[in-house]
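Undergrad: sequence and predicted model, in that order:
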Amino acid sequence: MSGSRKPAAPRRGGRPRTGSRVAAVQALYQSEQSGESAEAIIDQFIRHRLGALPGQDGFEDGRVPEVDVPLFAALVRKAAANGEALDGVIAGHLDVEWPLPRLDPVLRALLRAGCAELWGGAQPPARVVINEYLDIAHGFFSGEEPRFANGVLDAMARTLRPEEFPGAAPASGP
């Protein structure tokens, strides 16, 4: 599941919570690749990558123009502090032929951020979380990865928040 990545460009128009999720995916990717702590990455993002620069309104140079900074920091911290548990949840929803280490690292970061948001909370609703990360997946990928991410996120949501899916049988991995 790699080779079809494209630059992230989620819809524009005043969506700072979406921007927070995009930035969280980028930060989790950077942390995994660099080995730097979540706190160091959060600080770097706040100082250098969050908010639009004068004369720019898009995602130039990896910047995220509109961000709810507390949500961004909370997502990165939650994913980092609970990484082993979250990876276990994600791995439990993957096909044995596609274990977590085999996934594209951006897709892995996206699933970790989504799982962190679904895990141990009730807000926002699971369907909102799934849709948000599906939009983000479409911003990063042009191949089958968004469909794959949707299946895994939906299965995790049904396991982590079964009360939001009454009458539905618990989902298994994609």
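TA: Looks like it came in fine. Residues are numbered from 1 along each chain as shown.
Undergrad: what's the local residue count around residue 125?
TA: Counted with other CB atoms under 10 Å, the neighbours of residue 125 add up to 12. (C-beta placed from N, C-alpha, C; glycine too.)
Undergrad: next: residue 99.
TA: Count around residue 99 with other CB under 10 Å applied: 11.
Undergrad: does it touch residue 93 like I think?
TA: No: with contact defined as CB atoms under 8 Å, residue 99 does not reach residue 93; the gap is 11.5 Å.
Undergrad: neighbouring contacts of the helix or strand bottoming out on mean pLDDT in the chain?
TA: Lowest by mean pLDDT, DSSP states H and E among the helices and strands of the chain is helix 38-48, with a mean of 90. Residues outside helix 38-48 that contact it (CB atoms under 8 Å, 6 or more residues apart in numbering) are 23, 26-27, 30-31, 34, 36, 69, 72-73, 76-77, 79-81.
Undergrad: now that helix: buried residues?
TA: Of all the residues in helix 38-48, those buried under the rule 16 or more other CB atoms under 10 Å are 38, 41-42, 44-45.
Undergrad: what packs against the helix or strand containing residue 148?
TA: According to DSSP states H and E, residue 148 maps onto helix 145-160. Using 3 or more CB pairs under 8 Å, 6 or more residues apart in numbering; DSSP states H and E as the contact test, the elements touching helix 145-160 are helix 83-91, helix 105-118, helix 126-140.
Undergrad: mind checking how far that helix is from the chain centre?
TA: Remark: helix 145-160 is offset 12 Å from the chain centroid, using CA atoms, centre = their mean, to the nearest Å.
Undergrad: with that, I have no additional questions.
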